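Novice: any chance you could fold what I've pasted below:
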Amino acid sequence: MSDDTPPRKNRTTPKHARSGTCARDLSSIAATGWRTWRCHCMPRFETSTEQLRLVLLGTILMCFAVLALMGPVLNAPIPGYVAGSPALFGGLALCVAILRLGRPGSHLDWIAVGFIYVVLGMLLSANPMLQTTAGFLSFCLLLFAIVSIRISIFLALGMSDKAALWPVLAALSGTVCILVVVVARMLDMNVIPDLILGLDLMVAGFATVGFAKAQREHSR
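Specialist: Presented below is the predicted three-dimensional model:
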């Protein structure tokens with residue numbers, strides 16, 4: 001063995017190097033998640049301007065939801081209507097409205113919900129009846145992701161906050177929508193996914209307006 005060879009105890013095996021890298025990656029992910037959760041738990045939507053923007057946003061979401069409900073409920077399809085477009089444009093409206101509030105890092109959960117609605121809208125526009133297994137599973141998992149985010153908003157607010165009622169209502173709506181879609185798939189029932197998503201969007205808009213009003217009463 002030559003004198004230039006480093007001592008054996010100072011050598012780092014590839015396996016140990018990979019373990020150290022994975023540990024650092026996990027630590028970085030945990031730190032990022034903690035910072036996001038701290039921002040998530042900070043007081044938000046406390047100004048009258050932010051609350052008014054939420055009211056307008058909720059109203060817009062409900063208007064888009066009406067488009068999804070008109071055809072199946074009233075049996076009056078809208079000419080040129082594309083399945084999934086209410087969720088797509090509603091999600092875009094949600095993202096734009098929240099981003100314009102500033103401090104996007106403090107509203108990542110709301111932005112994520114808007115983005116998921118956009119993806120759901122694109123999914124239904126390409127596969128309106130979710131005939132494929134992949135499309136069906138994607139639809140259910142994306143809706144479940146929205147439900148999970150709504151529950152996290154509720155947990156951040158706490159049960160003592162009256163505004164927490166509205167994320168719970170929206171989460172229950174999403175859960176019911178998932179169950180309806182799953183049961184309809186199992187029983188081979190003819191349920192229109194765009195209608196189900198429209199119902200969830202309607203409740204989301206209503207809950208957003210209620211949330212804004214509760215925040216306004218809390219900030220007085």
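Novice: is residue 53 within a helix or a strand, and which one?
Specialist: Element membership for residue 53 (DSSP states H and E) is helix 48-74.
Novice: list the contacts of the spatially most central residue of the chain.
Specialist: For the chain, the residue nearest the mean C-alpha position is residue 113 (2.4 Å; C-alpha atoms, centre = their mean). Residue 113 makes contact with 91, 94, 146, 149, 150, 204, according to C-beta atoms under 8 Å, 6 or more residues apart in numbering. (C-beta placed from N, C-alpha, C; glycine too.)
Novice: coming back round to it: quick check: angle from the very next helix or strand once past the helix holding residue 53 to helix 48-74?
Specialist: Downstream of helix 48-74, the first helix or strand assigned by DSSP H and E is helix 85-99. Interaxial angle, helix 85-99 versus helix 48-74 (axes from the mean of the first three to the mean of the last three C-alpha atoms, to 10 degrees): 180 degrees.
Novice: now helix 85-99: buried residues?
Specialist: Going by neighbour count (16 or more other C-beta atoms under 10 Å), the buried part of helix 85-99 is 85-95, 97-98.
Novice: what is it packed up against?
Specialist: Secondary-structure packing of helix 85-99 (3 or more C-beta pairs under 8 Å, 6 or more residues apart in numbering; DSSP states H and E): helix 48-74, helix 108-126, helix 193-219.
Novice: want to throw those into CSV with distance to residue 133 and mean pLDDT?
Specialist: Below are the helices and strands packed on helix 85-99 laid out as CSV (distance: least, C-beta to C-beta, whole Å; pLDDT from 0 to 100):
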stretch, distance to residue 133, mean pLDDT
helix 48-74, 24, 90
helix 108-126, 13, 95
helix 193-219, 14, 92
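Novice: mind putting those helices into TSV with distance to residue 178?
Specialist: TSV is the format used below for the helices and strands packed on helix 85-99 (distance: least, C-beta to C-beta, whole Å):
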stretch	distance to residue 178
helix 48-74	17
helix 108-126	12
helix 193-219	9
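Novice: residue 137: which of those helices is closest?
Specialist: Checking the helices and strands packed on helix 85-99 against residue 137 by C-beta to C-beta gives helix 108-126 as the closest, at 10.8 Å.
Novice: and the helix holding residue 53, what does it pack onto?
Specialist: Other helices and strands packing on helix 48-74, by 3+ C-beta pairs under 8 Å, 6+ apart, are helix 85-99, helix 193-219.
Novice: mind putting the ones you listed into CSV with distance to residue 49?
Specialist: What follows is the helices and strands packed on helix 48-74, written out as CSV (distance: least, C-beta to C-beta, whole Å):
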stretch, distance to residue 49
helix 85-99, 12
helix 193-219, 11
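Novice: residue 141: which of the ones you listed is closest?
Specialist: In terms of C-beta to C-beta, the element of those nearest to residue 141 is helix 193-219, at 13.5 Å.
Novice: verify the stated contact: residue 194 with residue 69.
Specialist: No: the pair residue 194 / residue 69 is not scored as a contact, 9.4 Å apart, by C-beta atoms under 8 Å.
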